[in-house]
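*Asks:* Task: produce atomic coordinates for the following.
(one chain, ligands or ions: 1)
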Amino acid sequence: MTKVLETDVLVIGGGAAGTNAALKAADRGAQVAIVVKGLLGKSGCSIFAAFTPYFTKTDEQARRNRWRFMIRYYNHYLADQEYCARMEDYMCEEFYPDLERLGVYWRRDAQGNLEMINARNRSLVAHKQGATGPILLEKRRREIQRRALPLYEECAVTSLLGDGERVAGATVLDYRTGEFFAIRAKNVVLATGHSDYLATRATGTREQSADGLAMALRAGAELANLEIQWWHVSDVLAPKSWMRYHLYPNPLMGTLETSRLYNSAGEMFYEQKTHSPGASAPYTEQLRRLCLQVQAGKARWDGGYTSGYDHIPGDIIRAYQHQAKVWGKLGLDVARDRIECGITMHMRHGGLNVDTRTMATTVPGLYAAGGLGCHYLGGFGPASYDGKVAGEAAAEDALRRALPRLPQQALEAEAARVFGFLQADAAGPRPMQAKLRVRQIMWDLGYIKNEKNMQAALAALQEVREQSVPRLRLQSASRVWNTGWLDALDTCSMLDACEATVRSGLNRKESRGPFYREDYPYVDNEHWLCRNIVARVDGEWRSRQQKIEVPHLPPEKNREPFFEADY
Ligand SMILES: Cc1cc2nc3c(=O)[nH]c(=O)nc-3n(C[C@H](O)[C@H](O)[C@H](O)COP(=O)(O)OP(=O)(O)OC[C@H]3O[C@@H](n4cnc5c(N)ncnc54)[C@H](O)[C@@H]3O)c2cc1C
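*Replies:* Okay, the predicted model is just below:
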């Protein structure tokens, strides 16, 4: 008999969104339980946040710059603009003081003034650029521990459970012990993030296998704009385990200079302050310029180009940049040497289709917070705001309703699925091989897309689903710390998320932001300024478009060639 726990609000995920959702739901008086596949505040991509944008309403020019950045460069006009206005209020009024109350010290100058990154879009860092995320999350982790909120770490949620009308809880695998249990909840907040380890090189961490997207898809939720998948350009090529070490191209602390990208001939082909001064996260523009270098044979997607700060005094980089350590550890000098880079699959703009006033998804009882949503690319601050909105809405609603019935049949079916993978065989094939194959398929699909290569990726994913998954065998059938077991479950999530992403890409007949289709090489604001939605209902894929309103900042052109657009 599977153990069943009960709570008002179940929060899944322990990053910027999940931690804030849990704290804010508890503030509203709801009983909260938190399940985290990694460690609370130490897993997911929130720990990589280098800096947080500084929002202001008192300086009108700074505010206009930030709006243009948010809507145009960061979200390619796909953001929910009314959400941006509400998020701006939160950032101006609540975000910084909230964290200061928990003990965060923002970097200050000798007079005690907040030290800013002095660019068109101002930002703050906690201590050093590159070290902000861990500091902020450590404070939230301690606060959750201090309040003794029920917390299940190193426990993976494997499925959402519904009673036919609404989500009624979730199943959990504690992979430290192999215990499988369920949590019955009045409302569930999914906050599993948007940087998944879905390509050979990715900024997502091992536990990020797109479980949130896959579980929501299986529960019948709508997903939107999944194809708007960012890539980092200036990430360390070798050693491979450092592939998510980002050599920031963004405006830097302590200098007006920004890093540069050089091709294999040593020619500089990108720097933020020159090529995209209005953007403070200029990755899509870096990509376009790298693409031209690759096509000219002067770089590869996996190397053959370098990045560096050697035109900036070394003392400044060492004082303000956590990343200076990378050079030290490789035995290089940040004031002199450049590092070879490769692209890495990064955050995703798209995700669950949500109503941004509550973060409710299209499935009753299910809320989505943070990077997992489809309304804004993300960032530590916006993900925290989403957590607050979802946590409060889920709590207020939960306090008004009774616990839903937990569907016993679905619970037993999920237990059978999970334990079905716990079979050892010396011959394999191993789940890790299947995961590597999925990553390879998405890496091969890469940045330059067309109908043919997306159809080929779909067929290759289908082959893994049909040929490999049913034959997966583990090295051991132990229930304790059996990472192969978890890998098998991860493979299923990855396949669902990747298939949905490719299908969504096939539906979008234009190019935009990080999404480049060489068979539709133009930005088409007339037809594609929309949430491009996919869902799987009773095994059938469905799609539809939902128009995006642009009340504050409409695009200037209806249509323009992709390589001439700067967003
Ligand atoms: C390399 C990198 C650099 C970045 N730099 C910046 C920056 O400088 N400034 C900035 O503002 N933003 C930055 N971002 C973006 C920012 O970090 C994210 O937008 C934001 O932190 C997302 O938070 P989240 O809570 O939605 O997801 P995450 O922080 O990814 O958290 C997801 C959580 O879900 C858990 N989880 C996953 N699957 C399951 C499951 N099945 N069961 C239970 N738990 C699960 C994970 O363990 C994790 O705890 C960066 C992101 C990356 C990847």
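
*Asks:* Okay, strands next: where are they in the stretch 51-200 of the chain?
*Replies:* Residue ranges of the strands in the stretch 51-200 of the chain, as given by DSSP state E, counting those that start in this stretch, are 52-53, 116-117, 123-124, 151-153, 155-162, 167-174, 179-190.

*Asks:* what sits against whatever residue of the stretch 301-450 of the chain ends up closest to the ligand?
*Replies:* Closest approach of the stretch 301-450 of the chain to the ligand (C-beta to the nearest ligand atom) occurs at Gly370, with a separation of 2.4 Å. No exception for glycine: its C-beta is placed from N, CA and C like everyone else's. When the contact criterion is C-beta atoms under 8 Å, 6 or more residues apart in numbering, the partners of Gly370 are 13, 15-18, 191, 193-194, 378, 382-383, 386-387.

*Asks:* how about 6 Å then?
*Replies:* Contacts of Gly370 were listed using C-beta atoms under 6 Å, 6 or more residues apart in numbering, and they are 17, 191, 383, 386.

*Asks:* Switch those over to TSV; also include pLDDT and distance to Arg473.
*Replies:* Shown next, in TSV, are these (pLDDT from 0 to 100; distance: C-beta to C-beta, whole Å):
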residue	pLDDT	distance to Arg473
Ala17	98	36
Ala191	98	33
Ala383	98	38
Asp386	98	40
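
*Asks:* Which ones among these map onto strands?
*Replies:* When these are checked against strands (DSSP state E), there are no matches.

*Asks:* which residues sit in contact with the residue of the stretch 451-567 of the chain found nearest the ligand?
*Replies:* Closest approach of the stretch 451-567 of the chain to the ligand (C-beta to the nearest ligand atom) occurs at Ser493, with a separation of 7.5 Å. Residues counted as contacts of Ser493 (C-beta under 6 Å, 6+ apart) are 209-211, 214.

*Asks:* So which of these is the closest to Asp566?
*Replies:* The closest of those to Asp566 turns out to be Ala210 (C-beta to C-beta; 29.8 Å).

*Asks:* circling back to that earlier point, keep only the contacts of Ser493 that also lie close to the ligand.
*Replies:* Checked against the ligand using C-beta under 6 Å from any ligand atom, the contacts of Ser493 give the following subset in range: Asp211.

*Asks:* Closest one of the contacts of Ser493 to His346?
*Replies:* Closest approach between the contacts of Ser493 and His346, by C-beta to C-beta: Ala210, at 13.7 Å.

*Asks:* count of neighbours near Tyr73?
*Replies:* The number of residues packed near Tyr73 is 21, by other C-beta atoms under 10 Å.

*Asks:* What pLDDT does the model give it?
*Replies:* Per-residue confidence for Tyr73 comes out at a pLDDT of 96.

*Asks:* do you know how far it is from Arg120?
*Replies:* Taking C-beta to C-beta, to the nearest Å as the criterion, Tyr73 is separated from Arg120 by 11 Å.

*Asks:* again, but for Gly365
*Replies:* Applying C-beta to C-beta, the value for Gly365 to Arg120 is 42 Å.

*Asks:* Which one's more surrounded, these two?
*Replies:* Using other C-beta under 10 Å as the criterion, Gly365 and Arg120 rank with Gly365 on top: 25 against 17.

*Asks:* can you list the residues that contact stretch 139-146?
*Replies:* Contacts of stretch 139-146 with the rest of the structure, by C-beta under 6 Å, 6+ apart, involve 19, 40-41, 102-104.

*Asks:* Likewise for stretch 534-546?
*Replies:* Residues external to stretch 534-546 that are found in contact with it (C-beta under 6 Å, 6+ apart): 217, 222-223, 500, 503-504, 507, 530-531, 533.

*Asks:* Cross-check the contacts of Gly370 against the ligand and keep the overlap.
*Replies:* Within the contacts of Gly370, those near the ligand by C-beta under 6 Å from any ligand atom are 17, 191, 383.

*Asks:* The last one: neighbouring residues, count only.
*Replies:* Using other C-beta under 10 Å as the criterion, Ala383 is surrounded by 31 other residues.

*Asks:* Let me see the contact set for it.
*Replies:* By C-beta under 6 Å, 6+ apart, the contact list for Ala383 reads 16-17, 370-371.

*Asks:* The second one too?
*Replies:* When contacts are counted by C-beta under 6 Å, 6+ apart, Ala191 touches 13, 17-18, 21, 369-370.

*Asks:* so what's Pro150 up against?
*Replies:* Listed by C-beta under 6 Å, 6+ apart, the contact set of Pro150 reads Ala33.

*Asks:* before we move on, what about the one 3 residues further on?
*Replies:* When contacts are counted by C-beta under 6 Å, 6+ apart, Glu153 is found next to 36, 39-40.
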